[in-house]
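Q: build me a structure from this.
(2 chains)
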Amino acid sequence: MFRSNSSGSDSGDECPSQIQSQAIKRTMSRTRTTSTSEKDCNIHIKGSKTIYTAGRPPWYDSAGQMKEALVVGLCGGSASGKTTVAKRIIEELNVQWVSLLSMDSFYKVLSEEQHELANKNEYDFDHPDAFDFDLIIKTIKELKKGKQVHIPVYSFTTHSRESRTKTVYGANVVIFEGIMAFCSKELVDLMDIKIFVDTDADIRLARRLKRDISERGRSIDSVIAQYNKYVKPSFEYYIAPTMAYADIIVPRGGDNSIAIDLIVKHVHRELNIRGGKLRSDLAFKPNHKAGEPLPCSLHQLEETKQTRFMHTIIRNKDTPRDEFIFYSNRLMRVLIEHALSLLPFEDVIVTTTFNKQYEGKRHANAKVCGVSILRAGECLEPALCEVYKDAVIGKILIQTNEMTSEPELHYLRLPSDIKNMIVLLMDATLATGAAAMMAIRVLLDHSVEEKNIILVSLLMAEQGVHNVAYAFPKVRIVTTAVDPELNDSCYIMPGMGNFGDRYFGTEKDEF
Amino acid sequence: MKEPDLISDMKESQQQQQHQVQQTKPIFTLGTKTDSTSKLIDLANLKLTNKISVLKCNNQIKELHTVLRDCETSHSDFKFYSDRLIRLLVEEGLNELPYTECKVQTPSGCYYDGVKYISGVCGVSIMRSGEAMEKGLRECCRSIRIGKILIQTADEDTNKSSVIYAKFPKDVATRKIMLMYPIITSGSTVILAIKVLKEHNVSEKNILVLCLFSTPSGLQSISSQYPDINILTSEIHPFVPTDFGQRYFGTE
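A: Numbering: from 1, shown residues only, chains lettered A, B, ... in the order given. Okay, the predicted model is just below:
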């Protein structure tokens, strides 16, 4: 099963999504038929599984470098069953974070004249010129690099793009389908697997007739006229010849279980090659030598008696929760104050109440966004808001998959203009650094500059500090203490236990 | 872990403290005096003892000073940024309290070499401005005892400050005192407060003055009169925002 963008896509909620031509379903005034069926929205959920059951496994290696997303191209004539094949692949694939992109989102904006023609059923939507190939190529390139992209929402009523866009982020597999999917050499080169769905012309015509007449109330004459005028020639001139580009040709469309099984196996094999054991790499295959000095991107809070005193209480396993919360809050406040001193400042001269000039400093116009890594990172939010009134808060949920021990991305909500902000990335503790690295990767994918990220944690393990600094040397790392070791279960030693459980009182062995 | 000032059995704690006093001398070891501070003081041609220290300045703290000095700052901002600066000052001041080493076990079964504070601390605020600092102290030490001194500052008629009211915990003489007053201009108010504390048998070296803004001359007059007093301030500058109380409480 996989995640979908089923709601609130234009409000900046960035569940990785399938882009479907839902607009078409809303605006039936357009006469051209499309290959979208009414059942599309059900494909997000397989069986009883819900959206948040599994997150996105790492899509980068232990050096923070990206692994490219796998792009599957699906081409075929109109009503050949491309969408059914895509749906079947997604169902059988059963991996997370698949995005389905339809070429229908990329129709060109029509001029007034063309718009008139379209209304009279005289505009050729089955011609390569009807699509914005530059935008398609740009979008697929960005998706391949793991970047966040904005997909236009095409309105078939006005034949232009709506002001809102769909945000797609975080696809490990991108499935791109469309009648002209193989019509551009540059686009084809971006595809890792190219599939052509070959269905006989009479079957395609029969499907079109059935769909347009029974579901859309059109007359048999007009459907046949359109088929003869545009659909058929287009298939012969532009679509059929591109079959030569295909790696796999699937006869009979979605009913062809053997073909789909082969495709799915191939995709799995490709994904396995890309995958790795990130957390164990981070913990046991260090990128740094033993005894190497801590990196210069680490800004550790000067140890004072007070910080040691607070650590003593927080680390003590017998500390009651009341005191644990009080002293960790106090320590967080000191930590955040320290982190804020790393923001850019500029010199200013202010006039004091007694009309004297005072040479001081002010924040250099920086917008600060706190991003907490759920759940434990949330504990730092109040500390940030206490000292920085205008802070915007984003959230990222990363959980460890207990089967694979890998971190997985489950949810994120970030402010839309985050790329211009300075981000305080907050987590209570940092062990291997796997979760923090995933969060940093998410921020970079959202075009936040690496030098504008400040990673803040109460306690870090030396190993984790090295891992983060090696992968992301410009990220500044702020903490109150660095512990020397990790144990076999990747816990910090001596550490402070599971911070989230102790703070929220969800320890397993408690009554 | 008990709060520094929380101990039920007073007698026992007193004995412990006295014992501790003999062991760790001086009680307040102030070693955070920065180079820039000494330069500032040199500039002002002052002779200050090493009992005076300044909050280690960074850009963030400089900004807090800037906001508090700016005459354009609104009442709510003034209060917000004052509270932040006070909190930092209190956190730093608490480092000067006597402590002992201890070992605790962490949930993962390892041991951590920690520290533990010795009980017997008391905050004393000089009303009214000093009360603004109680919140910061209370946020760090939830159940600390707080004494108060109300001093009528010198006005044109009398030209002399006078103590109107003073109330301390009964064992104040045995405690370490954090004396809170945000502004030291001439130093006369703080000097008077110290005098009151001494009348209650508090030893000079057990007093730490926490102060936001201070003038070189004010600091000098305090330390020349009471050479054993410890002072922690966030900034030494010839001009200080003397209207702190009015702006904090909004009674301009």
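
Q: quick one: pLDDT of the closest residue to chain B within the stretch 401-511 of chain A?
A: Per CB to the nearest CB, residue A:497 is where the stretch 401-511 of chain A lies closest to chain B, at 2.9 Å. No exception for glycine: its C-beta is placed from N, CA and C like everyone else's. Per-residue pLDDT puts residue A:497 at 85.

Q: got it, and residue A:50?
A: Looking at residue A:50, its pLDDT is 29.

Q: how much space between the residue sitting nearest the centre point of chain B and chain A?
A: Nearest to the geometric centre of chain B sits residue B:210, at 2.0 Å (CA atoms, centre = their mean). From residue B:210 over to chain A the distance is 14 Å, taken as CB to the nearest CB, to the nearest Å.

Q: and the residue of the stretch 401-511 of chain A closest to chain B, that's in a helix?
A: No. Read with DSSP: H, G, I helix; E, B strand; the rest coil, residue A:497 is coil and lies in no helix.

Q: so who does it touch?
A: Residue A:497 makes contact with A:317, A:491, B:106, B:107, B:108 under the criterion CB atoms under 8 Å, 6 or more residues apart in numbering or on different chains.

Q: helix/strand/coil for residue B:201?
A: With three-state DSSP as the criterion, residue B:201 reads coil.

Q: what is the neighbour count of it?
A: 9 (other CB atoms under 10 Å in any protein chain shown).

Q: report pLDDT for the nearest residue to it once chain neighbours are set aside.
A: Spatially, and ignoring its direct neighbours in sequence, residue B:201 is nearest to residue B:173 (3.8 Å; CB to CB, 6 or more residues apart in numbering or on different chains). You'll see residue B:173 listed with a pLDDT of 88.

Q: check residue A:39 too.
A: You'll see residue A:39 listed with a pLDDT of 31.

Q: any residue of the biggest helix by length in chain A touching chain B?
A: Among the segments of chain A that qualify as a helix by DSSP state H, the longest is helix A:321-340. Yes. Judged by CB under 8 Å from any CB of the partner chain, helix A:321-340 comes into contact with chain B at A:323, A:326, A:330, A:333, A:334, A:337, A:338, A:340.

Q: run through the residues of the stretch 101-250 of chain B sitting next to chain A.
A: Counting by CB under 8 Å from any CB, the residues of the stretch 101-250 of chain B close to chain A are B:102, B:104-108, B:110-112, B:114-117, B:139-140, B:142, B:239, B:241-243, B:247.

Q: and the residue of the stretch 151-300 of chain A closest to chain B?
A: Across the stretch 151-300 of chain A, the shortest distance to chain B (CB to the nearest CB) belongs to residue A:299, at 10.6 Å.

Q: what sits against residue 73?
A: Picked chain A for this. By CB under 8 Å, 6+ apart, the contact set of residue A:73 is A:176, A:177, A:181, A:182, A:187, A:188, A:191, A:193, A:194, A:195.

Q: could you do chain B instead?
A: Per CB under 8 Å, 6+ apart, neighbours of residue B:73: B:67, B:81, B:247.

Q: any idea which of the residues you listed is least confident?
A: Among the contacts of residue B:73, residue B:247 carries the weakest pLDDT, at 86.

Q: excluding sequence neighbours, find me the nearest residue to that one.
A: If the residues on either side of it in the chain are set aside, residue B:247 comes closest to residue B:78, at 4.9 Å by CB to CB, 6+ apart.

Q: which stretch of helix or strand covers that neighbour?
A: For residue B:78, the host element (DSSP states H and E) is helix B:75-94.

Q: what's whichever helix or strand residue B:137 is part of in contact with?
A: Per DSSP H and E, residue B:137 falls inside helix B:134-140. Contact with helix B:134-140 is made by A:330, B:83, B:86-87, B:89-91, B:94, B:123, B:125, B:144, B:146, B:178, B:180, as judged by CB under 8 Å, 6+ apart.

Q: most neighbours among the residues you listed, which one is it?
A: Counting neighbours by other CB under 10 Å, residue B:180 comes out on top of the contacts of helix B:134-140 with 29 neighbours.

Q: in the chain, where is pLDDT below threshold?
A: Let's take chain A. For chain A, the stretches with pLDDT under 70 are A:1-57, A:63-64, A:66, A:94-96, A:170, A:275-281, A:283-291, A:403-404, A:509-511.

Q: wait, chain B was what I had in mind.
A: B:1-50, B:154-159.

Q: so which of the residues of the stretch 101-250 of chain B next to chain A belong to helices?
A: Among those, the ones falling in helices (DSSP H) are B:139, B:140, B:247.

Q: reformat those as TSV; add neighbour count and distance to residue A:125.
A: Shown next, in TSV, are these (neighbours: other CB atoms under 10 Å in any protein chain shown; distance: CB to CB, whole Å):
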residue	neighbour count	distance to residue A:125
B:139	18	66
B:140	21	69
B:247	21	69
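
Q: ok, so of the residues you listed, who is nearest chain A?
A: residue B:140 (6.3 Å).

Q: and residue A:310, which of the three is it?
A: Quick answer, by three-state DSSP: residue A:310 is helix.

Q: so is the residue nearest to residue B:52 when sequence neighbours are not counted in a helix, a strand, or just coil?
A: Excluding its sequence neighbours, the residue lying closest to residue B:52 (CB to CB, 6+ apart) is residue B:231, at 4.6 Å. On the three-state scheme (three-state DSSP), residue B:231 is labelled strand.

Q: my guess is residue B:231 contacts residue B:212. True?
A: No. Using CB atoms under 8 Å, residue B:231 makes no contact with residue B:212, being 11.7 Å away.

Q: tell me which element residue A:405 falls in.
A: Residue A:405 belongs to no helix or strand when assigned by DSSP H and E.

Q: follow-up on the earlier one: show me what contacts the residue of the stretch 151-300 of chain A closest to chain B?
A: Listed by CB under 8 Å, 6+ apart, the contact set of residue A:299 reads A:338, A:339, A:342, A:476, A:477, A:478.

Q: past whichever strand or helix holds residue B:147, which element shows up next along the chain?
A: Assignment of secondary structure by DSSP H and E places residue B:147 within strand B:145-152. Next helix or strand after strand B:145-152 toward the C-terminus (DSSP H and E): strand B:162-167.

Q: residue A:71 and chain B: what is the separation?
A: Residue A:71 sits 44 Å away from chain B, going by CB to the nearest CB.

Q: would you say that residue is within a helix?
A: No. With three-state DSSP as the criterion, residue A:71 is strand rather than part of a helix.

Q: wait, isn't it in contact with residue A:141?
A: No. With contact defined as CB under 8 Å, residue A:71 does not reach residue A:141; the gap is 9.7 Å.

Q: who touches both of these two?
A: Counting by CB under 8 Å, 6+ apart, the residues touching both residue A:71 and residue A:141 are residue A:190.

Q: so which residue of the stretch 51-200 of chain A comes closest to chain B?
A: Closest approach of the stretch 51-200 of chain A to chain B (CB to the nearest CB) occurs at residue A:62, with a separation of 24.0 Å.

Q: ok, and that residue, which helix or strand is that part of?
A: Using DSSP H and E, residue A:62 falls within no helix or strand.

Q: quick one: it from residue A:472, how far?
A: Separation of residue A:62 from residue A:472 (CB to CB, to the nearest Å) stands at 12 Å.

Q: pull out the CA atoms of the helix holding residue B:137 and give them to me as PDB.
A: Extracted C-alpha coordinates of helix B:134-140, given in PDB (Å, rounded to 0.1, in the frame of the first residue of the first chain):
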ATOM      1  CA  GLU B 134      11.800  36.700  40.900                       C
ATOM      2  CA  LYS B 135      10.000  35.000  38.000                       C
ATOM      3  CA  GLY B 136      13.200  34.000  36.400                       C
ATOM      4  CA  LEU B 137      14.500  32.600  39.600                       C
ATOM      5  CA  ARG B 138      11.300  30.700  40.300                       C
ATOM      6  CA  GLU B 139      11.300  29.200  36.900                       C
ATOM      7  CA  CYS B 140      14.700  27.600  37.700                       C
END
